[in-house]
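>>> turn this into a model:
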Amino acid sequence: RKTRKKIFLIYLLSLDVCSISVLHNDFKINGCSDTEKESVCGSDGEEIWHADFIQQMGVNTLPDFADALRFPGFYESSIAAQEACKQNLAVCIKAYKSPPEEMDPPETSIYPKNDVQLGVENSLVCHVTGFFPPPVNISWTKNNVVVTEGESLSRYRPRNDGTFHIFSSVDIVPEERDIYSCTVNHRALQGQAQTKIWETTAVSPRLGPAVFFFFFSEEIIVTL
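Reported below is the predicted structural model:
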């Protein structure tokens, strides 16, 4: 059976803005494949706005300011850009005769957002980077139980080499010997999911009650 290969088409607008001898790099990305679409604006590698095509609205991801920034017309222009992207995607697929899809596997790391204290709210961050094309699937477990609450996911962010990275985080209240895992699936892994483990273990009392070691390990899970 013939399978049509996917092409991920990206439009990248990059602007260098100089103000008082400080150089900032602003960008806007419109990307699409035959199953995915994304529109993101940002500055210095950080997202400031994205289009939520499911909720049919633009989302400002900047922190709250006294005078909030507005993005009038951005969502409407993103819809128009997606229509153009789909048309150009079809032209590219035909012109290049459905070339084999290029894929790069992700690299994954896991770490706490803040210094860890037992019983104190914190967040675990799973950073997935170096993959192409989107999407990736990220899931969490706590003590071998799937986590279904307190998760958040960033937008896909481009890297200078043409690959992407993304952050997933989960809210935690760490207790001694809790074990968390972040599992990542991507087509380039060919059924071998990447899993990173984060574990908190108290050390000997003579080193002080507030001192802990954090152990990181990696597993490869093969899905048949």
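>>> now the helices for the protein?
Secondary structure of the chain by DSSP state H: the helices cover 74-95.
>>> dead centre of it: give me the residue that sits there.
The residue lying closest to the centre of the chain (Cα atoms, centre = their mean) is residue 166, at 1.7 Å.
>>> who are the contact partners of that one?
By Cβ atoms under 8 Å, 6 or more residues apart in numbering, the residues touching residue 166 are 127, 128, 129, 134, 136, 138, 153, 154, 155, 156, 157. For the C-beta atoms, the positions are set from N, CA and C on the backbone; glycine is no exception.
>>> for it, give me the pLDDT.
For residue 166, the pLDDT comes out at 94.
>>> so where is this structure shaky, pLDDT-wise?
Counting by pLDDT under 70, the chain contains low-confidence ranges at 1-22, 64-68, 201-224.
>>> domain boundaries for it, per the record?
According to automatic domain parsing, the chain comprises the domains 9-95, 107-222.
>>> the ones you listed: which one's closest to residue 101?
Closest approach to residue 101 among these (Cβ to Cβ): domain 107-222, 7.5 Å.
>>> follow-up on the earlier one: among the domains of the chain, which is the most enclosed?
Mean neighbours per residue, mean count of other Cβ atoms under 10 Å, is largest over these for domain 107-222, with a mean of 15.
>>> now it, how far from the chain's geometric center?
The chain centroid and the centroid of domain 107-222 are separated by 12 Å under Cα atoms, centre = their mean, to the nearest Å.
>>> farthest pair in the contacts of residue 166?
Once Cβ to Cβ is applied, the contacts of residue 166 give 127 and 134 as the farthest pair, at 15.1 Å.
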